[in-house]
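Q: show me how the following folds:
(one chain, ligands or ions: 1)
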Amino acid sequence: MSKHVTHWIAGKPFTGTAARRGDIHNPATGQVSGTVDFAGPDEAAAAVAAARAAFPGWRDTSLSKRTSILFRFRELVHAHSGELARLISAEHGKVVSDAAGEVARGLEVAEFACGIPHLLKGGFSENVSTGVDAYSILQPLGVVAGITPFNFPAMVPMWMFPVAIACGNTFVLKPSEKDPSAAVRIAELWSEAGLPDGVFNVVHGDKEAVDALLEAPDVKAVSFVGSTPIARYIYENAARAGKRVQALGGAKNHMLVLPDADLDLAADAAVSAGFGSAGERCMAISAVVAADAIADDLLDRIKDRVAGLRVGAGDDDRSDMGPLVTRAHRDKVASYLESGVREGATLAIDGRVHPVLGDAAEGFWLGPSLLDHVTPEMACYRDEIFGPVLSVLRVPGYDAALELVNANPYGNGTALFTRDGAAARRFQNEVEVGMVGINVPIPVPMAYYSFGGWKQSLFGDSHAHGTEGVHFYTRTKAVTSRWPDTGGDAVDRRAGAGA
Ligand code: NAD
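A: So this is what the prediction gives:
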């Protein structure tokens, strides 16, 4: 049965009048499974107006009331995580266990936000001058917007809104038009948790909806996660409109394997971090930089493991890896196998011939693939592929490997595999990347740290969630106060008053 997804504004579904709609696909069958309304300026304005109207009441809602709603929201999302995971898998294609994992990681941010009373404490200095006190208070910004990518339809929005809402802001989410259903289900759960209408709103759509949010004077801050060209566009335009902005972009994550590494651990890591979620993760390993001395051995171990990977529909329990999100994206990813070979790489594993479980006729399939002898000038290395393709670059040792990572324009995540603590320590100090793993392939920071890359993987100066998230969604007010002694109230000053 075909579904129809619409906006969520002021605590209820909002169809609006927009003539434009997009198709939602099931990537495992290639079939259209539903449609989603696309917002134009009117729908975006309605969402911003609802958020604006809800702001004064929410800002003044006590911290204990806010946290009690957050706790209820956390429990409800937890209770419905299986349902959310199936919704995500049906539109994104990832296997249900992966989708459940993203809901769990997103929930960790909601759990972090439950501690907001502690995080919003300002400073206080008594007697900065005689009889004068100074203190700071952290206040919300107003209406804030989140614009999110297709690859984590629950987790990435949850990097943003639990913290923004806990800080007293109201929120307008524009999720990816490719997998919009999770956002609406989450909105329903917020309502059930007791969040006042208008504090959390969802508008669907594409550039038109995004541009309307960027131009809306009432939107005070924009959080974006997506590809680098759009991140730069959001950063420049939101800043020009006077908004606070954090825009997380694309990635090219390197995994360095030194000659003394545990090669079984490294091969396991390359396979899970390269092909998990079909490589459609901003922290996926894309380039394996292997020391010459162990490259052949490592490759053999990766090949053994890939042969056992089962590719199939996300809702098939046997599947380790699902299809890609759209036909166009699958074709683009597969094109790098051809261009890589044309430019001199060796196609060591061809995912186009990997078996697929069940009826694979029309799905957006590409199995795990590996290009060997890749060099930095090849398109498969220069571009973010965002699919199940590992590129192996061979280097003499640590210095050449580090130079490669630091010369890359992206700086989201990286990982070093070694048994040498001194090499690891040197690497964490010298590498120009925002998130670093030592024998850990996908070093996603916990919710109480902050998530973000360097260089072209982030525009702006605040990372997502953790204390940087609290900082991004609040502004500080510094108060200096004096209460001149007027002689006081005789009742209060009487010895034993009130006794
Ligand atoms: P995308 O940039 O195409 O889309 C992201 C969002 O921007 C979507 O909501 C989309 O509707 C909107 N958008 C698309 N084109 C636009 C335009 N021209 N003008 C205004 N808005 C536009 O990204 P995607 O394909 O959905 O997601 C994959 C990308 O996201 C990859 O590059 C991946 O690395 C990146 N990503 C980065 C992180 C991170 O933390 N750095 C996390 C997840 C994904």
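Q: for this structure, what lies in contact range of the ligand?
A: 147-152, 156, 174, 176-177, 206-207, 210, 225-227, 230, 233, 248-251, 282, 384, 386, 412, 453, 457 (Cβ under 6 Å from any ligand atom). To be clear about C-beta, it is placed using only N, CA and C from the backbone, and glycine gets the same treatment.
Q: residues in contact with the residue most central in space within the chain?
A: For the chain, Val156 is the residue whose C-alpha lies nearest the centre (Cα atoms, centre = their mean; 3.3 Å). Going by Cβ atoms under 8 Å, 6 or more residues apart in numbering, Val156 touches Gly106, Thr148, Pro149, Val225.
Q: can you select the buried ones from the residues of the chain next to the ligand in PyMOL?
A: Only the buried members of the residues of the chain next to the ligand enter the following PyMOL selection, criterion being 16 or more other Cβ atoms under 10 Å:
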select buried, resi 147+148+149+150+151+152+156+174+176+177+210+225+226+230+233+248+249+250+251+282+384+386+412+453+457
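Q: OK, contacts around Phe275?
A: Per Cβ under 8 Å, 6+ apart, neighbours of Phe275: Val306, Leu309, Asp320, Met321, Pro368, Pro388, Leu390.
Q: check contacts around Leu213.
A: By Cβ under 8 Å, 6+ apart, the neighbours of Leu213 are Ala44, Val48, Ala145, Ile147, Val172, Lys174, Val203, Val219, Val222.
Q: over to Leu309?
A: So Leu309 contacts Val271, Phe275, Asp320, Met321, His354, Gly367, Pro368 (Cβ under 8 Å, 6+ apart).
Q: would you turn those residues into CSV with pLDDT, secondary structure and distance to Leu138?
A: Output for the contacts of Leu309, formatted as CSV (pLDDT from 0 to 100; DSSP: H, G, I helix; E, B strand; the rest coil; distance: Cβ to Cβ, whole Å):
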residue, pLDDT, secondary structure, distance to Leu138
Val271, 98, helix, 44
Phe275, 98, helix, 42
Asp320, 97, coil, 45
Met321, 97, strand, 43
His354, 94, coil, 52
Gly367, 98, coil, 49
Pro368, 98, coil, 47
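Q: the ligand: which of those residues is nearest?
A: Phe275 (15.9 Å; Cβ to the nearest ligand atom).
Q: and Ser481, how many residues sit next to it?
A: 10 (other Cβ atoms under 10 Å).
Q: I'd say Leu195 and Pro162 touch.
A: No - look at Leu195 against Pro162 with Cβ atoms under 8 Å: they stay out of range, at 11.1 Å.
Q: mind listing residues that contact stretch 199-208?
A: In contact with stretch 199-208 (Cβ under 8 Å, 6+ apart) are residues 5-10, 18, 20, 22, 36-41, 43-44, 47, 50-51, 54, 58, 161, 165, 170-175, 177, 180, 183-184, 187, 190, 209, 213.
Q: are any of those buried, and which?
A: 5-10, 18, 22, 36-40, 43-44, 47, 50-51, 54, 58, 161, 165, 170-175, 177, 180, 183-184, 187, 190, 209, 213.
Q: and whichever strand or helix holds the residue nearest to the centre of the chain, C-alpha only, in PDB?
A: Using DSSP states H and E, Val156 maps to helix 155-166. Only the C-alpha atoms of helix 155-166 are listed here, as PDB (Å, rounded to 0.1, in the frame of the first residue of the first chain):
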ATOM      1  CA  MET A 155      20.400   9.800  14.500                       C
ATOM      2  CA  VAL A 156      21.600  13.000  12.800                       C
ATOM      3  CA  PRO A 157      18.400  14.900  13.700                       C
ATOM      4  CA  MET A 158      18.900  13.600  17.200                       C
ATOM      5  CA  TRP A 159      22.400  15.100  17.300                       C
ATOM      6  CA  MET A 160      20.500  18.500  17.200                       C
ATOM      7  CA  PHE A 161      17.000  18.700  18.500                       C
ATOM      8  CA  PRO A 162      17.300  17.100  22.000                       C
ATOM      9  CA  VAL A 163      19.900  19.700  22.900                       C
ATOM     10  CA  ALA A 164      18.300  22.600  21.200                       C
ATOM     11  CA  ILE A 165      14.900  21.900  22.800                       C
ATOM     12  CA  ALA A 166      16.400  21.200  26.200                       C
END
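Q: which is the next helix or strand following that helix?
A: Taking DSSP H and E as the definition, the helix or strand right after helix 155-166 is strand 170-174.
Q: that following strand pairs with which strands, parallel or anti?
A: When pairs are called by DSSP bridges, strand 170-174 turns out to pair with strand 143-147 (parallel), strand 200-202 (parallel).
Q: contacts for that strand next, please.
A: By Cβ under 8 Å, 6+ apart, strand 170-174 touches 39, 44, 47-48, 51-52, 54-55, 58, 142-148, 157, 160-161, 164-165, 183, 198-205, 209-210, 213, 219.
Q: show me the shaky parts of the protein.
A: Residues of the chain meeting the criterion pLDDT under 70: 1, 488-499.
Q: turn the strands paired with strand 170-174 into TSV, including distance to Gly122.
A: Below are the strands paired with strand 170-174 laid out as TSV (distance: least, Cβ to Cβ, whole Å):
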stretch	distance to Gly122
strand 143-147	20
strand 200-202	26
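Q: sorry, back to before: Ala266: which of the contacts of Leu213 is nearest?
A: Ile147 (35.8 Å; Cβ to Cβ).
Q: run through the bridge partners of the closest one.
A: Residues in beta-bridge contact with Ile147 (DSSP bridges): Lys174, Phe224.
Q: what's near enough to touch it?
A: Counted by Cβ under 8 Å, 6+ apart, Ile147 has contacts Lys174, Val210, Leu213, Val222, Ser223, Phe224, Val225, Gly226, Ile234.
Q: quick check: PyMOL command selecting the buried ones in the contacts of Leu309.
A: Only the buried entries of the contacts of Leu309 go into this PyMOL selection, using 16+ other Cβ under 10 Å:
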select buried, resi 271+275+320+321+354+367+368
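Q: alright, calling it a day.
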